Structures are given as structure tokens and as C-alpha cells.
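Engineer: model the structure of this input:
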Amino acid sequence: MRTNLASAPSSPSPSRLLWATLLCALWVLASCTVGEKNGGEPGKDGLDGTPTGPVTVVLWHSYREAEQVALNQVVDQFNATHADIKLETLQIPHEAYADKITTAIPHDNGPDIFIFAHDRIGAWAEADIIESVSSWATTEHLRSYERSTVLALVYKKALYGLPLAFKSVVLFYNKDLVPTPPETDEDMIAIAKANTDIADRRYGLVYENTQLYFTAPFLHGFGGAVMNMDGDVQLDSPESAAGLQFCRDLLTKHQVVPADVNSNLVTTLFNSGKAAMVINGPWFRGEISDGVRWGVAPLPVVKSTGMALAPYLGSEAVLLSKRSPHKAQAYEVMQYLAGDESAKIRMTVGGQSVAYKAAWEEVEVAEDMRVFRKQLDHVVVMPNSARMNAVWGPTNQAIHKVVKDGEAPRKVVAEANARIEASLE
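Structural biologist: Have a look, this model is predicted:
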């Protein structure tokens, strides 16, 4: 799903129709009584609404460093201002986090709420791991967030969770080598050529060029796609083939990217001044050495299509456990975590690109953070269907066949598309 807020189409786009459908559905569901469904009003524990002491709501997360510091401040502030709910947190190592959620919640050993990226929502909704929050959310409240971050949380016309932050890749550049970032793909190639010396292992552009996540902007910029939000495979198209051919040309025709790239090499080359431009996400900011003068810019426009290179959007959200015994109270906490005061702390202390729109007007933030928000004008929401799991392996292999092995892209995308569909039957 492409989100382009900069230019309104003459007829409703699929994303706008989905947004309208969601808001309509939420308006209907708002007439339902939340207390009847979940056993009590927020802040109350008994069925008759009688206070029985503070209700403990447990939150799991995998934040570290600055993000964890910010979250701890938010939690302390919540507990200081809410006598009827006590919020407790548990930090889970990232490597084990998803598996622990999947196994713990069905056995009533999990949290009431937890923070995770939106891409597993479909699988977790189908497995009864998470609860829809459609009956609580109001249209007015949802309009407080960047629209694409909410759309990412919609699965089968139901809303799962509230958005906290968003992530996508952008263009990082060395200001000493690139005074002005490129606006088009042709500009990018010209700048990259001027900063490439293969013998000296200097490159104009560096990105993980055989991985779908980093190659997706080129697919989308040429009008291609891998899968839509309904889980339909769409890789087999001339547009997708053209995107992969462009990536191949960067390596062989223009010779501005290294042949073998991993995340460590991206960081090493940029920090040593041997990469003029890098395609990477917000986490890359913490990997840049202090002496490097760097900037960020939105990804450029493909001149031949008039479309911007559009990366995948990830929406990080707070999700509600299907097995929580205190869902109304848990949703009250969710609103706080995704709300104004929390957003300002998470933005200033944790360095997050927050989904809550008003925080961007209320807080002074570095220009690089505002670029990540500007990139929202040209993103593709990563599908949250469980079917997306079948895409990564075959598509990464297809990218490698075209970019590294030089196989015909049209044939490769057709074969990969068929392989993905076969695995989903």
C-alpha cells in the first residue's frame, strides 16, 4: 500500500478507502459497551464497578539504551498520576522476544500489553494472541496519529493496537563528500560516480543490495510490488523487473556500489569516509562515529517514472493480549503510552520518530528526525499478513540472482512469484 500524502489523487486511493472503511467501522463499534465485553470500566476491577484496589497491568518490551530510559520515564509518570492502575514492565531480549510472546500468552504467562512492530499482527490475530481495539478507539483519537501508522495496524478491517513510532530507511550522506543530496535517481548516480574509486574501495552508494528490505524502495520506485495488504503476491510484473534491473545497473553498469555488502560493511565504509551515501534506517544514527559530518534526506525520485523511491514503513505499536484479564485498564495504559506526554518524552529522550502528530509541533527536534517524518509522504506500508513470511526468502534469492548473478529479471520475478504462491497453497 503506497502512502503519498503530498499529492491527493483525483479518485480515492486504496489507502484512503481503507481509512474511510476503518473509521466507519469504528464509529459503529463505538456504540458497543466496552464494560460489557471486558468486565468493568477502566480503573475498576469488579463486575459491579466497585474499586478493589489498583489493577496491575504488565507491559513487555525489548527497548534498550535511550529508548528504555524514555519508556521508564513514561512509566514512572503514569504510575505517579494514576492511583487505580499500577503499570509494571519487563524487558525481554530482542532475539527471544517474538517467540516468547507467541508461546507465553496462550498459556496465560504473558503480559497484558506489549510493544512490537506491526508486521506480525496478522499471524497473531489469527492465533488469538492479540485483541482488536476497535471497540475502544474513536475516530477523533485515531486522527491524532500519522495516518499510515494507523493503517499498518488494520487487519481484516479491525484495528490492532495503537501506534507509538514509525521506521523506514532514508538516504544518509557524508556532508564533506555530498554538499547537496540528490533529488532524482540520475542525480544520485552522478554524485555516486564522482565519489567512487573501486581500487581504493571508495563507493558513492552503499546499501545491502541483495536484501528485500533495502531493495524494496527501488521496486516501488519503478511501480513494482511484492505483496499487497490483502496478502496477494504481486512480484511478477515488468515494473518489479525494472526495479531489480536498476539495482543490477548500480553494480555493473555504473559501478558505484560494492559487490558484497552486509550491515557491518555499511557502517565501516561510512565512518571511514569511503561511502558518500548510504541507505539505512533510524538505528544507523547510533552507529555513526562522532567525527563524521552527516545528514539525511528523503530517497530521490525516479525520473523515468516520476515516482519516489518508496521504502517499507514499519509501525511500532502497543498491542493488547487476547488473554489479559484487565483489558479495559490495559487499553487506558495503551492510550497513555501512545499519547501526547509519552510521545514528547519518547521523542526527546528516546530519539523515536513518534506517530503522535502534535508532538512534532510541540517539541524541538533535530532536522534528521524531521526527514524521517517527511519520508512518510512516500512509503509503502509493509503487509501485516502472515503470508508475508513466505515472501522474504524467495524474494531475497531473486534479488541475488539478478543483482549478483546477472540473470534476466523478468524471468526471475516470475519464477519467484510462482514459488511464493506455491508455498502459500
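Engineer: average pLDDT across the strand ranked longest in the chain?
Structural biologist: In the chain, taking DSSP state E as the definition, the longest strand is strand 312-320. Mean pLDDT, strand 312-320: 98.
Engineer: other SSEs contacting it?
Structural biologist: strand 113-117, helix 147-151, strand 162-167, helix 327-337, strand 379-381 (3 or more C-beta pairs under 8 Å, 6 or more residues apart in numbering; DSSP states H and E). The C-beta positions use only the backbone N, C-alpha and C, and glycine is treated the same way.
Engineer: poorly predicted segments of the stretch 201-350 of the chain, please.
Structural biologist: Scanning the stretch 201-350 of the chain for pLDDT under 70 picks out nothing.
Engineer: helices along that one, start to end?
Structural biologist: Along the stretch 201-350 of the chain, counting by DSSP state H, counting those that start in this stretch, helices occupy 212-221, 238-252, 263-271, 327-337, 340-348.
Engineer: and those helices: which comes nearest Y173?
Structural biologist: helix 263-271 (9.3 Å; C-beta to C-beta).
Engineer: may I see the buried residues of that closest one?
Structural biologist: By 16 or more other C-beta atoms under 10 Å, the buried positions in helix 263-271 come out as L265, V266, T267, L269, F270, N271.
Engineer: just send these back as CSV, with distance to E88 too.
Structural biologist: CSV is the format used below for those (distance: C-beta to C-beta, whole Å):
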residue, distance to E88
L265, 41
V266, 38
T267, 36
L269, 43
F270, 40
N271, 39
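Engineer: so which of those residues is the closest to A390?
Structural biologist: Using C-beta to C-beta, the buried residues of helix 263-271 come closest to A390 at V266, 27.1 Å.
Engineer: which residues touch the closest one?
Structural biologist: V206, Y207, E208, A275, V278, N280, F284 (C-beta atoms under 8 Å, 6 or more residues apart in numbering).
Engineer: distance-wise, check T103 relative to D112.
Structural biologist: 17 Å (C-beta to C-beta, to the nearest Å).
Engineer: with neighbour numbers in mind, choose between those two.
Structural biologist: Taking other C-beta atoms under 10 Å, T103 and D112 do not tie; D112 has more neighbours (25 against 12).
Engineer: quick one, grab the pLDDT at that one.
Structural biologist: Looking at D112, its pLDDT is 98.
Engineer: can you check A152 too?
Structural biologist: We have a pLDDT of 97 for A152.
Engineer: ok, now E364?
Structural biologist: In the predicted model, E364 carries a pLDDT score of 89.
Engineer: try the one 5 residues further on
Structural biologist: According to the predicted model, the pLDDT of M369 comes to 92.
Engineer: which element is it on?
Structural biologist: Following DSSP states H and E, the helix or strand that holds M369 is helix 367-374.
Engineer: could I have that helix exported to PDB, CA atoms only?
Structural biologist: Only the C-alpha atoms of helix 367-374 are listed here, as PDB (Å, rounded to 0.1, in the frame of the first residue of the first chain):
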ATOM      1  CA  GLU A 367      16.500  18.100  11.400                       C
ATOM      2  CA  ASP A 368      17.400  14.400  10.700                       C
ATOM      3  CA  MET A 369      14.300  13.300  12.700                       C
ATOM      4  CA  ARG A 370      12.100  15.600  10.600                       C
ATOM      5  CA  VAL A 371      13.400  14.000   7.400                       C
ATOM      6  CA  PHE A 372      12.200  10.600   8.600                       C
ATOM      7  CA  ARG A 373       8.700  12.200   9.000                       C
ATOM      8  CA  LYS A 374       9.000  13.700   5.500                       C
END
